[in-house]
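> pasting the sequence and the predicted model now:
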Amino acid sequence: MTISLQNLSVVIVSFHSENVIHDCIKSIIDKIEIIVVENSGNKEFANKIEDQYKNVKCILSPKNLGMGAGNNLGLKHINTDYVFILNPDVILKKNTIEEIIIASKKIENFGLIAPISDNLKYPNYKIKKKEILNFTDPFKVDSVDGFAMILNLKKLKKIDQFKDNNFFDENIFLYLENDDLCKRINKFESIFIVPKSKINHLGASGVNKKYSEQIELSRNWHWIWSKFYFNKKHYGFLKAFIDGLPVFLTAILKVLFYSLINHKKKAIYLHRALGFLNALLGKKSYYRPKIDN
């Protein structure tokens, strides 16, 4: 069985994303069921979005779950064989899904398949093998960015570690949850990019800009925490420590420097250093942006 409009659903994890999510939803064919997981618990947002779009169901998470756990929650409400994981700041082109469907008929044996970002300067995939790509036919990659990817649930759920919709590592609140998933999928199934299927990713636009300061602090804390956790999980503690230590030491120096001239930048580098320190001590990714609904 290949991908079709009848066996494809969409999951979008949002957090105060009302400024961008409407363009995302409108770019999706309205015959496809969309599950929006709203991490802010905003009931007014949920009611409005369900009233506006007949194909959208909004689930309010009990707390801010982050991307990975939020996607797992959305996946629990999916009954189709394939699910399109999207960030709210992604806009599909007119033929994005059509080209994915065409490609799926040619490469039935895949665990994950993804469109390509229309900004070729910032590719949404990683590939170790050096080869000349013609950007016409689907090609195998090592991983894809998590803002736009389709999971082959029919195949993946046959693998023990992916049963019960346990796809994303919920220890990771933000960043590298997609790399972790791809690394685990690659042990069993192939991952493909479909170059004829394109999307536009606005990038770092998923949360309302009025919360930008708090989101920036959160990003710095979680990026270094997640990098340490990811390296420790897949390559060992020593690798995580060696890779993260220079970033930590640089962050400490910048905290000292900016404490005299720029308190906003001081806070950013302090959160970066704290992210590393908490990961080093084995603490959970507990930090959350201080945002009131």
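Nice, thanks for sending it over. For clarity, every value in this text was computed on a predicted model and none was experimentally measured.

> tell me which element residue 48 is part of?
Under the criterion of DSSP states H and E, residue 48 resides in helix 43-52.

> mind giving me the packing neighbours of that helix?
Here helix 43-52 touches helix 21-26, strand 33-38, strand 56-60, going by 3 or more CB pairs under 8 Å, 6 or more residues apart in numbering; DSSP states H and E. Heads up, the C-betas are built off the backbone N, CA and C, glycines and all.

> and the ones you listed: which comes nearest residue 249?
strand 33-38 (37.4 Å; CB to CB).

> may I have the longest strand seen in the chain exported as PDB, CA atoms only?
For the chain, the longest strand by residue count, based on DSSP state E, is strand 191-201. The C-alpha coordinates for strand 191-201 follow below in PDB (Å, rounded to 0.1, in the frame of the first residue of the first chain):
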ATOM      1  CA  ILE A 191      14.800   7.400   4.800                       C
ATOM      2  CA  PHE A 192      14.200   9.300   1.500                       C
ATOM      3  CA  ILE A 193      14.000  12.900   0.300                       C
ATOM      4  CA  VAL A 194      11.600  13.700  -2.600                       C
ATOM      5  CA  PRO A 195      13.200  16.700  -4.400                       C
ATOM      6  CA  LYS A 196      10.100  17.300  -6.600                       C
ATOM      7  CA  SER A 197       8.000  17.800  -3.400                       C
ATOM      8  CA  LYS A 198       8.900  21.200  -1.900                       C
ATOM      9  CA  ILE A 199       8.000  23.100   1.200                       C
ATOM     10  CA  ASN A 200       8.700  26.600   2.600                       C
ATOM     11  CA  HIS A 201      10.000  26.700   6.100                       C
END
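
> in the stretch 151-293 of the chain, which spans are helices?
Assigned by DSSP state H, counting those that start in this stretch, the stretch 151-293 of the chain shows helices spanning 153-156, 177-185, 212-235, 237-258, 263-280.

> any chance of those helices in CSV, plus mean neighbour count, mean pLDDT and distance to residue 289?
CSV is the format used below for the helices of the stretch 151-293 of the chain (neighbours: other CB atoms under 10 Å; pLDDT from 0 to 100; distance: least, CB to CB, whole Å):
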stretch, mean neighbour count, mean pLDDT, distance to residue 289
helix 153-156, 18, 92, 31
helix 177-185, 22, 95, 17
helix 212-235, 20, 94, 4
helix 237-258, 15, 97, 19
helix 263-280, 20, 96, 10
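
> in TSV: these, plus distance to residue 51.
Shown next, in TSV, are the helices of the stretch 151-293 of the chain (distance: least, CB to CB, whole Å):
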stretch	distance to residue 51
helix 153-156	29
helix 177-185	31
helix 212-235	28
helix 237-258	45
helix 263-280	38
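
> thought residue 136 was touching residue 194?
No. Applying CB atoms under 8 Å as the test, residue 136 and residue 194 come out as separate, 10.2 Å apart.
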